[in-house]
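K.L.:
Quick check, what structure comes out for this input:
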Amino acid sequence: METERRCEELNNHDVSLLVEELLDSYCNYELTCRIDKHNMVNKGVLVSIVEELRKIVFPGFFDNNKVRSEYSRYLVGEKLEYVQYNLKKQIAKALDNVKDEDDTREDVIEKADEITYKFLQTLPKIREYLATDVQAAFNGDPAAFSTDEIIFCYPGMLAITVYRIAHELYTLNVPLIPRIISEYAHSITGIDIHPGADIGKYFFIDHGTGVVIGETTVIGKNVKIYQGVTLGALSTRKGQQLRGTKRHPTLGDNVTIYSGTSVLGGETVIGDGVTIGGNAFIVSSVSKGTKVSVKNPELEFIRPEETE
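P.N.:
Residues are numbered from 1 along each chain as shown. I've put the predicted structure just below:
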């Protein structure tokens with residue numbers, strides 16, 4: 001009993017020292033600490049908002065119960081009310097952390113309300129674009145038995161859906177939130193699409209794992225890319241000095257890029273109708289209609305008896 005009491009006292013002493021060390025570290029590394037500052041946005045709430053938005057843009061797919069047409073007006077209104085209420089609160093929190101000194105709390109709430117309204121107005125447009133993305137996936141993949149399969153199962157479709165939502169928030173200059181929800185999709189699918197990218201209709205990502213699409217990428221209509229494709233920057237060594245510059249490539253209409261290819265640079269333009277084979281490394285523009293491929297390396301076969 002005495003031994004247990006001494007161990008408990010020792011443990012309590014160790015914990016107290018650890019608490020003090022952590023408190024000191026909070027003072028020393030303020031960059032990673034939010035104590036006594038405005039609340040940050042809630043990632044869990046943002047994820048729930050995304051899932052409600054998926055139910056709105058794909059009605060009947062992700063609902064727990066059958067969606068009947070006679071009740072759809074009520075159900076859509078209920079979902080919109082949930083999104084509006086919670087998104088407005090999260091946007092207000094995000095704005096609160098970057099507001100001007102002269103802005104009051106009322107100013108922030110009013111701005112959050114305005115942004116939320118403008119975002120909700122884009123939902124019909126988001127549905128229009130997503131319908132073309134679903135069709136592009138079905139048209140481009142003989143392994144797809146139905147468009148339902150694409151909506152339910154394809155990671156590329158999930159990534160594009162979340163991108164379409166995040167992009168509209170990004171366009172409305174909402175801080176932080178577009179990146180949080182984009183990284184939510186990234187963590188699930190392995191597909192990293194920056195919400196600042198500008199992507200046209202009929203976009204299809206086949207398989208998708210390892211795809212990276214940078215912030216200033218511009219993609220036209222009817223573009224198809226495969227797993228492992230990077231649309232990135234040539235160099236980011238200058239860091240924040242490059243903010244606002246065109247760092248990522250532009251792809252025209254009807255472009256296809258096969259797996260493992262990197263297309264880099266803000267001045268790199270891939271013309272309409274270009275096809276780029278797998279494992280290519282592209283850092284300069286490609287004129288329209290061109291087919292680009294990497295020359296196959298020479299294979300060497302060594303028989304077992306030759307190694308003895």
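K.L.:
for the stretch 1-150 of the chain, what are the low-confidence residue spans?
P.N.:
Along the stretch 1-150 of the chain, the model assigns pLDDT under 70 to residues 1-13, 38.
K.L.:
Okay, helices next: where are they in it?
P.N.:
All helices of the stretch 1-150 of the chain, identified by DSSP state H, counting those that start in this stretch, fall at 2-28, 43-57, 72-96, 105-121, 123-140, 147-153.
K.L.:
With mean neighbour count and distance to A280 as extra columns, can I get these in JSON lines?
P.N.:
To be clear about C-beta, it is placed using only N, CA and C from the backbone, and glycine gets the same treatment. Shown next, in JSON lines, are the helices of the stretch 1-150 of the chain (neighbours: other Cβ atoms under 10 Å; distance: least, Cβ to Cβ, whole Å):
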{"stretch": "helix 2-28", "mean neighbour count": "10", "distance to A280": "46"}
{"stretch": "helix 43-57", "mean neighbour count": "17", "distance to A280": "34"}
{"stretch": "helix 72-96", "mean neighbour count": "17", "distance to A280": "39"}
{"stretch": "helix 105-121", "mean neighbour count": "15", "distance to A280": "38"}
{"stretch": "helix 123-140", "mean neighbour count": "17", "distance to A280": "20"}
{"stretch": "helix 147-153", "mean neighbour count": "15", "distance to A280": "27"}
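K.L.:
and those helices as TSV, adding distance to G214?
P.N.:
TSV is the format used below for the helices of the stretch 1-150 of the chain (distance: least, Cβ to Cβ, whole Å):
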stretch	distance to G214
helix 2-28	34
helix 43-57	22
helix 72-96	22
helix 105-121	23
helix 123-140	20
helix 147-153	25
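K.L.:
who touches K55 in this structure?
P.N.:
Neighbouring residues of K55 by Cβ atoms under 8 Å, 6 or more residues apart in numbering: F61, F62, D63, K79.
K.L.:
ok, the first one touching I151?
P.N.:
Looking back up the chat, that one is F61. Yes - counting by Cβ atoms under 8 Å, F61 touches I151, with 5.6 Å between them.
K.L.:
that older thread, buried subset of the contacts of K55?
P.N.:
Buried subset of the contacts of K55 (neighbour count, 16 or more other Cβ atoms under 10 Å): K79.
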